[in-house]
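Undergrad: Quick one: sequence and predicted model below, then my questions.
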Amino acid sequence: MTSRLRGLPAGFGRLWTAQTVSSLGDGVTHAALPLIALTLTRDPLALAVVTAAGTLPWLLFGVLGGALVDRWDRRRTMWVTDALRAALLAIPVTAA
């Protein structure tokens, strides 16, 4: 088993940890956003709009963002986008 681990690149553990934390944060966000909307209103249409609005940026900016990220420095882009996501997610949390 240790011979297989030695074949991995040096930064693999950090990349795997960062991706795990990011995926966990995405999962919490996808679960918490409708629950927060549900505590504010019981209207099913409003809940559906909030849930759809949570996935709308992926549809609007996914392809364009992927094309741009391929041209930028990946490490810096990951740091900047994760910091921006944390700041944007802090806004509704502090507002609630």
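TA: Noted; the coordinates are in hand. Residues are numbered from 1 along each chain as shown.
Undergrad: which strands and helices sit next to the strand or helix carrying Thr77?
TA: Using DSSP states H and E, Thr77 maps to helix 74-95. Other elements packing on helix 74-95 under the criterion 3 or more CB pairs under 8 Å, 6 or more residues apart in numbering; DSSP states H and E are helix 12-40. Backbone N, C-alpha and C define where each C-beta goes, glycine included.
Undergrad: What's the first helix or strand after the helix it packs on?
TA: Next along the chain from helix 12-40, counting by DSSP H and E, comes helix 44-69.
Undergrad: By mean pLDDT, point me to the weakest helix or strand of this structure.
TA: helix 2-6 (a mean of 58; mean pLDDT, DSSP states H and E).
Undergrad: Check the gap between Gln19 and Pro92 for me.
TA: 24 Å (CB to CB, to the nearest Å).
Undergrad: again but with Leu59, I slipped
TA: 20 Å.
Undergrad: And Ala18, by the same measure?
TA: For Ala18 relative to Pro92 (CB to CB), the value is 24 Å.
Undergrad: How about Leu38: what's its closest non-neighbour residue?
TA: In space, and not counting its chain neighbours, Leu38 is closest to Leu47: 6.0 Å by CB to CB, 6 or more residues apart in numbering.
Undergrad: In terms of pLDDT, where does the residue most central in space within the chain sit?
TA: Ranked by distance to the mean C-alpha position of the chain (CA atoms, centre = their mean), the top residue is Asp26 at 4.4 Å. Confidence at Asp26, expressed as pLDDT, is 83.
Undergrad: Where does pLDDT dip in the chain?
TA: 1-6 (pLDDT under 70).
Undergrad: residues touching Val28, list them.
TA: With contacts defined as CB atoms under 8 Å, 6 or more residues apart in numbering, Val28 has no neighbours.
Undergrad: ok, now how distant is the residue nearest to Leu38 from Ala53?
TA: For Leu47 relative to Ala53 (CB to CB), the value is 11 Å.
Undergrad: out of those two, which sits in the more crowded spot?
TA: Leu47 (17 against 11; other CB atoms under 10 Å).
Undergrad: Relative to Asp82, how far out is that one?
TA: 28 Å.
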